[in-house]
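1. attaching a predicted model along with its sequence, questions to come.
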Amino acid sequence: MNKELLKWNFIFQYGYVITNIFNALILLPLYLHKIDSATLGLWLATGNILAWMTLADPGVGDVLQQKIALLRGQKNNEEINKTIGSGIITSMFILLFSVLAGILFYFLIGKIINKDVSQYEGLQVALLISIVATGMSLVSFSLSGINQGLQNSAQVAISSLSANFVFLFANVILLYLGYGVISIAFANLCRSFYINIYNIISLKKQLKRDLLVISYNIAHLKQFVKIFSFTSFSRIIGGFSASLDMLVLARFIAPSMITIFEINKRPISMSQSLVGRHSVALMPLISHENGKGNHQGIKKLIYTQFKYYSFAAIFIGFGFLFNYGNLIILWTGEGKYAGSLVVNLLIATFFFTLIGYFMSNMAYALGDIKMNSFIVICKGVVMGVLYYFAGKFYGLIGLLSVMVGISFTFDFIFFSHRLNKLGYLDWDFVKAMLKKWFVIIAFAGVFGSVLYYGFSLVIPVNMRIISILLNGFCFTALFVILILKIDREFKEAIQDRVSTFFSKQQVKKALSNKS
């Protein structure tokens with residue numbers, strides 16, 4: 001296993017989400033102050049509609065990453081050349097179709113959400129700019145997928161992280177200049193152009209180093225496009241259903257309430273992206289090792305990484321459970337917290353979705369693309385139907401309840417079962433993990449509750465920062481101790497790291513004394 005490559009994959013995936021979180025922490029309060037609440041609420045809702053443009057992309061970037069990494073493991077350079085060429089041609093068609101789809105949705109948005117968008121300042125212009133920005137972003141997915149497949153992870157990481165800062169600076173400047181919601185759209189456009197230019201330059205250098213030449217072959221293109229017969233349909237169904245929560249709410253509740261829901265949903269969504277990126281970072285390496293036929297190495301990697309991944313999901317879930325009200329109030333002010341029931345349902349969805357996301361990504365990286373897509377299609381159809389009726393008759397709570405049930409059934413159960421069928425998830429391992437989860441959740445729930453109610457008795461209500469810091473520090477320390485007691489492998493890994501660190505320090509000290 002290439003540890004240097006894995007390191008850059010983690011830097012890319014975690015860095016991308018962390019910079020997004022950093023941007024959101026800075027920008028969302030600015031949005032609330034610089035953009036009218038109703039306009040911002042409709043921008044969030046209509047943004048989901050324009051996100052349907054991305055349905056024109058059947059997942060070309062992911063497929064390119066998986067196929068090229070597999071071929072690189074097999075050292076099949078001729079097929080790599082053709083795959084890159086087919087990927088570039090496909091991405092150009094996707095750009096054309098996505099822009100056309102965006103223009104179509106632009107004229108239908110008012111009817112879809114039953115609102116006159118022309119009555120909201122800057123919204124129409126922002127939507128038009130977003131059409132171009134979204135189309136260019138789809139092209140960047142393909143270019144990044146090619147670079148990732150070629151194991152050029154360092155440049156993909158640098159381009160993505162720096163692009164997020166381009167977005168931040170452009171956004172802040174335009175907001176203070178008074179451009180309102182247009183600022184968000186134009187900043188997205190700047191980011192998409194920047195990341196495409198960077199990826200093209202990086203790809204050219206990598207091709208030269210590897211003695212590869214882009215080959216455009218019509219016969220290969222036809223075979224390449226056939227892969228997307230399933231993935232395109234799953235992307236369409238999954239994309240529509242994933243954005244239905246905001247659209248259903250836009251029809252049945254006031255725009256200002258959409259903003260409150262988004263505020264409460266966003267920190268959990270950002271944390272979900274952060275943790276979930278761990279599994280995405282493993283995908284290029286797993287595809288590459290699969291090309292080499294390293295079955296046992298892949299299985300060991302999946303088991304080890306999933307264990308730490310699930311521990312992180314449980315830890316963050318409990319952190320939110322006991323601190324979310326204070327966090328939201330500190331972030332956006334009084335009156336924006338949606339309540340414990342809403343947050344608890346969001347946390348349950350967060351956990352089940354994360355587990356399923358890991359299993360899904362591992363199966364995808366191993367080449368199980370069709371079955372992966374089939375599960376997504378079934379999930380999307382069921383979700384789309386239930387969202388509408390739950391939102392109409394039971395409002396936000398009904399919609400969130402459906403969200404929990406869907407994530408448990410399709411993400412947690414079906415994707416795990418699929419990885420088992422592929423031979424990379426034994427039931428003995430599953431049983432062992434379930435036992436550990438039960439112990440961890442039971443103990444974490446008990447001492448988390450004691451800390452929460454204990455600190456609430458001694459810390460005044462208005463000292464929210466102190467409450468979060470003390471609660472968080474004590475809970476983190478107790479949680480780490482709990483994991484060290486339960487998981488011997490984790491304890492040994494920590495001991496090895498500490499031992500290695502002190503050994504290096506002693507060597508440095510000895511060398512400095514000699515000099």
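-> Thanks, I have the structure now.
2. state the helix or strand in which the closest residue to residue 221 other than its chain neighbours lies.
-> Of all residues not flanking residue 221 in the chain, residue 86 sits nearest, at 4.5 Å (Cβ to Cβ, 6 or more residues apart in numbering). No exception for glycine: its C-beta is placed from N, CA and C like everyone else's. Under the criterion DSSP states H and E, the helix or strand holding residue 86 is helix 77-113.
3. just for this structure, where's the confidence low?
-> Judged by pLDDT under 70, the chain has its weakly predicted residues at 1-2, 47-52, 54-56, 113, 229-230, 238-243, 245-246, 252-256, 504-505, 507-515.
4. what sits against the spatially most central residue of it?
-> With distances taken as Cα atoms, centre = their mean, the chain has residue 273 as the residue nearest its mean C-alpha position (3.3 Å). For residue 273, the contact set (Cβ atoms under 8 Å, 6 or more residues apart in numbering) comprises 17, 20.
5. beyond the helix or strand containing it, next helix or strand please.
-> Here residue 273, judged by DSSP H and E, is contained in helix 255-292. Past helix 255-292, heading to the C-terminal end, the next element that is a helix or strand (DSSP H and E) is helix 295-332.
6. quick one, the helix or strand just after that following helix and helix 295-332 angle?
-> Towards the C-terminus, the helix or strand next in line after helix 295-332, according to DSSP H and E, is helix 340-365. Orientation of helix 340-365 against helix 295-332 (axes from the mean of the first three to the mean of the last three Cα atoms, to 10 degrees) gives an angle of 150 degrees.
7. elements contacting the helix holding residue 86?
-> Packed against helix 77-113, as judged by 3 or more Cβ pairs under 8 Å, 6 or more residues apart in numbering; DSSP states H and E, are the following elements: helix 37-50, helix 60-74, helix 123-149, helix 218-226, helix 244-252.
8. between the ones you listed, which one is closest to residue 25.
-> With Cβ to Cβ as the measure, helix 37-50 is the member of those nearest residue 25 (16.4 Å).
9. which residues touch that closest one?
-> Outside of helix 37-50, the residues that reach it under the criterion Cβ under 8 Å, 6+ apart are 31-32, 35, 102, 105-106, 109, 112-113, 115, 117, 120-123, 126-127, 130-131, 134, 180-181, 184, 243, 246-247, 249-250, 255-259, 262.
10. residue contacts, residue 468?
-> Taking Cβ under 8 Å, 6+ apart as the test, what residue 468 contacts is 323, 326-327, 330.
11. with those residues in mind, which one is nearest to residue 96?
-> Taking the contacts of residue 468 together and measuring to residue 96 by Cβ to Cβ, the closest member is residue 327, at 43.1 Å.
12. could you report the neighbour count for that closest one?
-> Neighbour count of residue 327, defined by other Cβ atoms under 10 Å: 18.
13. cool, and residue 65?
-> The tally of other residues near residue 65 (other Cβ under 10 Å) stands at 28.
14. now do residue 75
-> In terms of burial, residue 75 registers 9 neighbours under the definition other Cβ under 10 Å.
15. ramachandran coordinates for it?
-> The main-chain torsion angles of residue 75 are listed as degrees, to the nearest 10 and equal phi 60, psi 40.
16. skipping adjacent residues, who's closest to residue 32 in space?
-> Leaving out its chain neighbours, residue 32 is closest to residue 332 (Cβ to Cβ, 6+ apart), at 6.5 Å.
17. what about residue 10, how many neighbours?
-> Applying other Cβ under 10 Å, I find that residue 10 has 17 neighbouring residues.
18. do the same with the one 5 residues further on
-> Residues lying near residue 15 (other Cβ under 10 Å) number 17.
19. wait, it sits on residue 162?
-> No: using Cβ atoms under 8 Å, residue 15 is not in contact with residue 162, being 10.1 Å away.
20. can you list the buried residues in stretch 485-495?
-> Applying a neighbour-count criterion of 16 or more other Cβ atoms under 10 Å, the buried positions in stretch 485-495 are 486-487, 490.
21. out of those residues, which is nearest to residue 285?
-> residue 490 (21.2 Å).
22. which of the helices or strands spans the closest one?
-> Residue 490 is part of helix 488-514, with elements assigned from DSSP H and E.
23. now do the contacts for the closest residue to residue 447 other than its chain neighbours.
-> For residue 447, ignoring the flanking residues on the chain, the nearest one in space by Cβ to Cβ, 6+ apart is residue 478 at 5.2 Å. Going by Cβ under 8 Å, 6+ apart, residue 478 touches 444, 447, 451.
24. how about TSV for those residues, with distance to residue 366 added?
-> Output for those, formatted as TSV (distance: Cβ to Cβ, whole Å):
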residue	distance to residue 366
444	32
447	39
451	41
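25. so which of the residues you listed wins on neighbours?
-> residue 444 (22 neighbours).
26. could you say which helix or strand holds it?
-> Under the assignment given by DSSP H and E, the secondary-structure element containing residue 444 is helix 427-458.
27. please identify the buried residues of that helix?
-> 429, 433, 436-437, 440, 443-444, 447-448, 451-452, 455.
28. what angle do it and helix 295-332 make?
-> Using the same axes, to 10 degrees, the direction of helix 427-458 lies 20 degrees away from that of helix 295-332.
29. what angle do the very next helix or strand once past helix 427-458 and helix 427-458 make?
-> Once helix 427-458 ends, the next helix or strand along the chain (criterion: DSSP H and E) is helix 464-486. Interaxial angle, helix 464-486 versus helix 427-458 (the same axes, to 10 degrees): 150 degrees.
30. any idea how far residue 44 is from residue 220?
-> Applying Cβ to Cβ, to the nearest Å, the value for residue 44 to residue 220 is 41 Å.
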